[in-house]
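Peer 1: I'll drop the sequence and a predicted model, then ask my questions.
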Amino acid sequence: MSLNNNFAQLQQEKVIEIEQLLREYLPVQSGYQKIITEAMEYSLMAGGKRLRPMMMQEVFRLFGGTMKAIEPFMAAIEMIHTYSLVHDDLPAMDNDDYRRGRKTTHVVYGEDMGILAGDALLNYAFETAFHAFELCPQDKIGKALQVLGEKAGIHGMIGGQVIDVKETGKQIDREVLDTIYELKTSALIEASMMVGAILAGATDEELEKVEQMASNIGIAFQVQDDILDVTSTEEVLGKPIHSDEKNEKTTYVTLYGIEKASAVVEERSKEAIALLHELPGENDYLEELIIKLIHRVK
């Protein structure tokens, strides 16, 4: 059976493995603050494709990595991604009641616990990543932590969210929009792939290519999200549609229309695959994952 025919089954198997890993790293639910660990688990185990830890692991494999030190970082990146979604859904941000077909964290636990659950997941992500010091040479862990912190922070995802919130309701140009997408979406994908490469021993030159590849993937992913927000249905997408219009956000679709936005997705996709082919090793699954991720329908 070809990879293309077997891809969905293989992806599901990898998702199950990642979710087992996430459960291993979740905090024990005990103490007077037990409600926050319950809310963390509700948020983290809400489903999804587990793309960031999966991409981290596949790049790690691409460079021949075998150490278990990758595992706490895989859990950490998904905790960071999840906290960002929990906070995105809050009334003060996108004010969404559903994500992945079920009620959002603040709807179930209250807005106060929604905020604290996001805070807890972010902090616990780094607590989890620190476990890698027990499993790997410290120089690699230090560099991986530096990338993770920067890409998740004010010069990465949080910075992108700040610009996004500040500019909502305003007409912005492509340069500002690209900056939002690069920071808000690409940064965590860059962190995922770069950490995998670092822990597997990639050179600085190879790491630059991985970062650029991930940047292209992130931009394409976000532009495809813009398109799906207009063309998909709530049932297929698993979250409200037309939320960009509701929140008065400038997107590639509002700037250029669906056809030109689709061309950008295709261009960025080709650039990402070309960079992947310049890297050592082979990983057919990773290539197929990138293609399907960028051209997804939900």
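Peer 2: The structure has been received and is ready for your questions.
Peer 1: please count neighbours and contacts with C-alpha atoms only from this point.
Peer 2: Fine.
Peer 1: from Asn123, how far off is Pro27?
Peer 2: Going from Pro27 to Asn123 by C-alpha to C-alpha, to the nearest Å gives 12 Å.
Peer 1: joint contacts of those two?
Peer 2: Residues touching both Pro27 and Asn123 (C-alpha atoms under 8 Å, 6 or more residues apart in numbering): none.
Peer 1: okay, now Ser30: neighbour count?
Peer 2: A total of 11 residues lie near Ser30 under the criterion other C-alpha atoms under 10 Å.
Peer 1: disregarding residues adjacent in the polypeptide, which is nearest to it?
Peer 2: Excluding the flanking residues, the one nearest Ser30 by C-alpha to C-alpha, 6 or more residues apart in numbering is Thr37, at 8.0 Å.
Peer 1: equivalent analysis for Phe133, please.
Peer 2: Of all residues not flanking Phe133 in the chain, Ile141 sits nearest, at 6.4 Å (C-alpha to C-alpha, 6+ apart).
Peer 1: ok, the one you found touching Ala132?
Peer 2: Yes: contact status for Ile141 versus Ala132: in contact at 6.7 Å, counting by C-alpha atoms under 8 Å.
Peer 1: number of residues surrounding the residue nearest to Phe133?
Peer 2: Quick note: Ile141 (other C-alpha under 10 Å) scores 24 neighbours.
Peer 1: cool, Val28 as well?
Peer 2: Taking other C-alpha under 10 Å as the criterion, the count of residues near Val28 is 12.
Peer 1: show me the strands in the protein, by range?
Peer 2: Assigned by DSSP state E, the chain shows strands spanning 98-99, 102-103.
Peer 1: listing partners with orientation, what would you give for the last one?
Peer 2: The reference is to strand 102-103. strand 98-99 (antiparallel) (DSSP bridges).
Peer 1: please report phi then psi for the residue lying farthest from the centre of the chain.
Peer 2: Going by C-alpha atoms, centre = their mean, the residue of the chain most distant from its centre is Tyr32, 31.6 Å out. Phi and psi for Tyr32, reported as degrees, to the nearest 10, are phi -60, psi -20.
Peer 1: relative to Gly110, how far out is it?
Peer 2: Tyr32 is 17 Å from Gly110, by C-alpha to C-alpha.
Peer 1: hmm, Glu38 and Val28 touching each other?
Peer 2: No: using C-alpha under 8 Å, Val28 makes no contact with Glu38, being 9.2 Å away.
Peer 1: what do these two both touch?
Peer 2: The contact sets of Val28 and Glu38 do not overlap (C-alpha under 8 Å, 6+ apart).
Peer 1: ok, Ala46 to Arg52 distance?
Peer 2: As defined by C-alpha to C-alpha, Ala46 lies at a distance of 15 Å from Arg52.
Peer 1: which of those two has more residues huddled nearby?
Peer 2: Between Ala46 and Arg52, Arg52 has the larger neighbour count (other C-alpha under 10 Å), namely 21 against 16.
Peer 1: spit out the contact partners of that one.
Peer 2: For Arg52, the contact set (C-alpha under 8 Å, 6+ apart) comprises 74, 77-78, 188-189, 192-193.
Peer 1: pLDDT below threshold where in the stretch 101-250 of the chain?
Peer 2: 232-247 (pLDDT under 70).
Peer 1: please enumerate the helices of it.
Peer 2: 105-109, 111-129, 138-152, 157-167, 174-181, 187-199, 204-231, 234-237, 243-246 (DSSP state H, counting those that start in this stretch).
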